[in-house]
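A.B. asks: Compute the structure for the input listed below.
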Amino acid sequence: MNTVLITGCSSGYGLETARHFHAQGWSVIATMRAPRQGLLPASVRILPLDVTVPESVAAALEAAGPVDALVNNAGIGVVGAFEATPMTHIRKVFETNTFGTMAMTQAVIPQMRARRSGVIVNVTSSVTLAAHPLAAAYTASKQAIEGFTGSLAHELGAFGVRAKLVEPGYAPTTRFAANTDIAVADLIPEAYAAYAGPIFEGFANPPLLTRESDVAEAVWRAANDTSDRLRYPAGADAVALAAAS
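C.D. replies: Numbers count the residues shown, from 1 in each chain. The predicted structure follows:
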């Protein structure tokens, strides 16, 4: 039985992905900063993990044991005018979205390289396919992982280890900005109010949506694809953006 470790499983894409892999017969290790029981079937192992804390990363991987797949899904969002976004918060976004992904990846590589098998799936966003206003810091954190994963795919391919990207579209149910400690209203100065209004209306009524199940299925396909394919857009909106780019 194959084993997958998934980060950020308390809600949204991570939770649905854990459920999907479990339904497909995989052994699932679901991680989250504050573990909660009852979210997943009893046979799913739930481990505490904060990807921004080195000791937490090391402890989670030691407890997990060998894994065939790592899904780096943990992330935080930030929506607002860049000029109003404190650098302290931008660094926090990068610590989770970028450096947290890198830390987990670096920690799992030795065991996969030694076995000459394994796959690392990094979840980014459709903002990497088409730039979106009021998301500059978030986009930068995810674009960094796009380049990182592309390079890593070449580097690890020589050892039989694959690196993949899943690029979800917009899913309002994923609580995109809920994992942050700063209110969106605080990041929209008065000078930006008229500009931001129509954009937020678009968020509320998008023409195309991504379902959590779309992302779970894309992660599943990426993890099981032994080809050299790198990118897997997830959701109708992301697929449309990928086709146009």
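
A.B. asks: Can you spell out which helices and strands pack onto the lowest-mean-pLDDT helix or strand in the chain?
C.D. replies: Ranking every helix and strand in the chain by mean pLDDT, DSSP states H and E puts helix 236-244 at the bottom, with a mean of 83. Contacts defined by 3 or more C-beta pairs under 8 Å, 6 or more residues apart in numbering; DSSP states H and E place helix 236-244 against strand 162-168, strand 231-234. C-beta: built from backbone N, CA, C; applies to glycine.

A.B. asks: Buried residues in it, which are they?
C.D. replies: D237, A238, V239, A240, L241, A242 (16 or more other C-beta atoms under 10 Å).

A.B. asks: can you list these in CSV and add distance to M102?
C.D. replies: Below are the buried residues of helix 236-244 laid out as CSV (distance: C-beta to C-beta, whole Å):
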residue, distance to M102
D237, 27
A238, 23
V239, 27
A240, 30
L241, 25
A242, 24
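
A.B. asks: Now Q111: closest residue in space that isn't a chain neighbour?
C.D. replies: The shortest distance from Q111 to any non-neighbouring residue, by C-beta to C-beta, 6 or more residues apart in numbering, is to P66 (5.8 Å).

A.B. asks: Now do the contacts for that neighbour.
C.D. replies: Residues in contact with P66 (C-beta atoms under 8 Å, 6 or more residues apart in numbering) are T3, Q111, R115.

A.B. asks: List the buried residues of the longest helix anywhere in the chain.
C.D. replies: Among the segments of the chain that qualify as a helix by DSSP state H, the longest is helix 136-157. For helix 136-157, burial by neighbour count (16+ other C-beta under 10 Å) applies to 136-146, 148-149, 152-153, 156.

A.B. asks: And stretch 212-223, by the same measure?
C.D. replies: For stretch 212-223, the buried set under the neighbour-count rule, 16+ other C-beta under 10 Å, comprises E212, S213, D214, V215, A216, E217, A218, V219, W220, A222, A223.

A.B. asks: Reformat those as TSV; add distance to L61, pLDDT and secondary structure.
C.D. replies: Conversion of the buried residues of stretch 212-223 to TSV gives the following (distance: C-beta to C-beta, whole Å; pLDDT from 0 to 100; DSSP: H, G, I helix; E, B strand; the rest coil):
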residue	distance to L61	pLDDT	secondary structure
E212	26	95	helix
S213	28	95	helix
D214	28	95	helix
V215	24	96	helix
A216	23	97	helix
E217	26	97	helix
A218	24	97	helix
V219	19	98	helix
W220	22	98	helix
A222	21	98	helix
A223	18	98	helix
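
A.B. asks: May I ask which two of those residues are separated the most?
C.D. replies: For those, the farthest-apart pair by C-beta to C-beta is E212 and A223; their separation is 16.6 Å.

A.B. asks: can you give me the strands for this protein?
C.D. replies: Using DSSP state E, the strands of the chain run over 3-6, 27-32, 45-48, 69-72, 119-123, 162-168, 231-234.

A.B. asks: and the first one, which strands flank it?
C.D. replies: Paired strands of strand 3-6, with direction, are strand 27-32 (parallel), strand 69-72 (parallel) (DSSP bridges).

A.B. asks: So, low pLDDT: which residues of the chain?
C.D. replies: Low-confidence segments of the chain (pLDDT under 70): 172-182.

A.B. asks: V219: what's it in contact with?
C.D. replies: Residues near V219 by C-beta under 8 Å, 6+ apart: Y13, T17, H20, V71, N73, V121, V123, V166, Y232, A234.
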